[in-house]
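Participant: Let's see this in three dimensions:
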Amino acid sequence: MTRKSLMLTILILALSFLLVACGGGESDSPSGGSDNQSSSAEGDAVAGESLYQGTCSACHGPDAKGLPALGKDLTTSEFTQDSSDQELVDFVKEGRPVSHPENTQGIDMPPKGGNPALSDEDILNIIAYLRTLEE
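Facilitator: As a prediction, this is how the structure comes out:
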């Protein structure tokens, strides 16, 4: 093998490895990734699961199916399914006091679920996680 063909072979192999490492393959999903991605366009569901468990599960349950007299089932909620991610961020940031006419649980939902440290990004991550649980 000549030096020129050896260099060409090495270059082709290097480019092939680069394409594989960078995900150069085609995909059927519109986002270009796999159909089982852990994040939505707005947030990271993997990070959201941890945040959900630490902030929301006390009322909505560890499986987001709700707890009696505390928090609603978020897996079948028409409200969450029909709301945009930004509408849900605004809702979570504001909370819902017991005096609100749409509060049917009879208990306050505190702003940010009672965790003032939650950022908008954190809330978007929680929403991304909840979207993976919708039934």
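Participant: I'd say residue 64 and residue 74 touch.
Facilitator: Yes: when contacts are counted by CB atoms under 8 Å, residue 64 is listed as touching residue 74 (4.3 Å). C-betas here are computed from N, CA, C, even on glycine.
Participant: what sits in contact with each of those two?
Facilitator: When contacts are counted by CB atoms under 8 Å, 6 or more residues apart in numbering, residue 64 and residue 74 are jointly contacted by 56, 130, 133.
Participant: Can you report how many residues lie near the first one?
Facilitator: Spelled out, that is residue 56. 24 (other CB atoms under 10 Å).
Participant: roughly how far apart are it and residue 63?
Facilitator: When distance is defined by CB to CB, to the nearest Å, residue 56 is 11 Å away from residue 63.
Participant: next one: the last one
Facilitator: Counting by CB to CB, the gap from residue 133 to residue 63 is 8 Å.
Participant: and for those two, which residues touch both?
Facilitator: By CB under 8 Å, 6+ apart, the residues touching both residue 133 and residue 63 are residue 75.
Participant: Settle it for me: which of the two has more neighbours?
Facilitator: More neighbours sit around residue 133 than around the other of residue 133 and residue 63, counting by other CB under 10 Å; the figures are 17 against 11.
Participant: Isn't the more buried one up against residue 73?
Facilitator: No: with the criterion set as CB under 8 Å, residue 133 and residue 73 do not qualify as a contacting pair; they are 9.9 Å apart.
Participant: overlap in contacts of these two?
Facilitator: Each of residue 64 lies in contact with both residue 133 and residue 73 under the rule CB under 8 Å, 6+ apart.
Participant: For residue 81, what is the enclosing helix or strand?
Facilitator: In the assignment (DSSP states H and E), residue 81 maps to helix 78-82.
Participant: to the chain's geometric centre, what's the distance from that helix?
Facilitator: For helix 78-82, the distance between its averaged C-alpha position and the chain's averaged C-alpha position is 15 Å (CA atoms, centre = their mean, to the nearest Å).
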